[in-house]
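# Below are the sequence and a predicted model for it; my questions follow.
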Amino acid sequence: MPPVYFVVQNTITDQEKLDEYLAQAGATMPSEGVCLLVADDAPKTMEGDAPHQRLVIAEFDSEERFQTWYDSPGYTEARQLRLDGFEGFALLAAGFEPG
C-alpha cells in the first residue's frame, strides 16, 4: 500500500487563527505513520502561477491512517481554524507505486 500525501497550499488571512491552528493541530497528529515533509511560507514557484504562497506537505503511511486523523474530533476542531483563517486548498494524493 503506497503512502498518501496531504498537500495544502494557502494564504494566511488571520495570523491569530494560524497560531491557534498550529497549537491544536500538532497535538492531534499520530505519533507513528506520519511525517511532515514541507512547511514553507515562501516556496519558489518554478512554473506557472501559484495561487497561494504557503505550502505544507505531510506524508501518511496509509489513506486509512490519514482519514482517521482527518476525521478525528481533535483535528475536526483544529481544521475549522484553518478553514476560517486561510484561503486556499488541500489535496490528498497517492504516492507513486512502481510496476
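Structure received.
# so Tyr75 makes contact with Gln67?
No: using C-beta atoms under 8 Å, Tyr75 is not in contact with Gln67; the gap is 10.7 Å. Bear in mind the C-beta positions are built from the backbone N, C-alpha and C, glycine included.
# what about the two, which has more around it?
Applying other C-beta atoms under 10 Å to Tyr75 and Gln67 shows that Tyr75 carries more neighbours, namely 18 against 13.
# per-residue pLDDT, the more buried one?
At Tyr75, the model reports a pLDDT of 95.
# That one belongs to a helix?
Yes: when DSSP: H, G, I helix; E, B strand; the rest coil is applied, Tyr75 is found to be in a helix.
# So which bits of the helix or strand harbouring Ala93 are buried?
For Ala93, the element it lies in under DSSP states H and E is strand 86-94. Buried residues in strand 86-94, counted by 16 or more other C-beta atoms under 10 Å: Phe86, Gly88.
# average pLDDT across that strand?
For strand 86-94, mean pLDDT rounds to 96.
# Alpha carbons of it, as CSV, please.
C-alpha atoms of strand 86-94 as CSV (Å, rounded to 0.1, in the frame of the first residue of the first chain):
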residue,chain,number,x,y,z
PHE,A,86,-6.7,30.8,5.4
GLU,A,87,-7.7,30.9,1.8
GLY,A,88,-6.5,28.0,-0.3
PHE,A,89,-7.0,24.3,-1.0
ALA,A,90,-6.0,20.9,0.3
LEU,A,91,-5.4,17.7,-1.7
LEU,A,92,-4.8,14.1,-0.9
ALA,A,93,-2.6,12.3,-3.3
ALA,A,94,-1.5,8.7,-3.5
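# Skip the chain neighbours and tell me the closest residue to Val7.
Spatial nearest neighbour of Val7, excluding adjacent residues (C-beta to C-beta, 6 or more residues apart in numbering): Leu91 at 4.6 Å.
# Starting from Gln9, give me the distance back to the one you found.
With distances taken as C-beta to C-beta, to the nearest Å, Leu91 is found 8 Å from Gln9.
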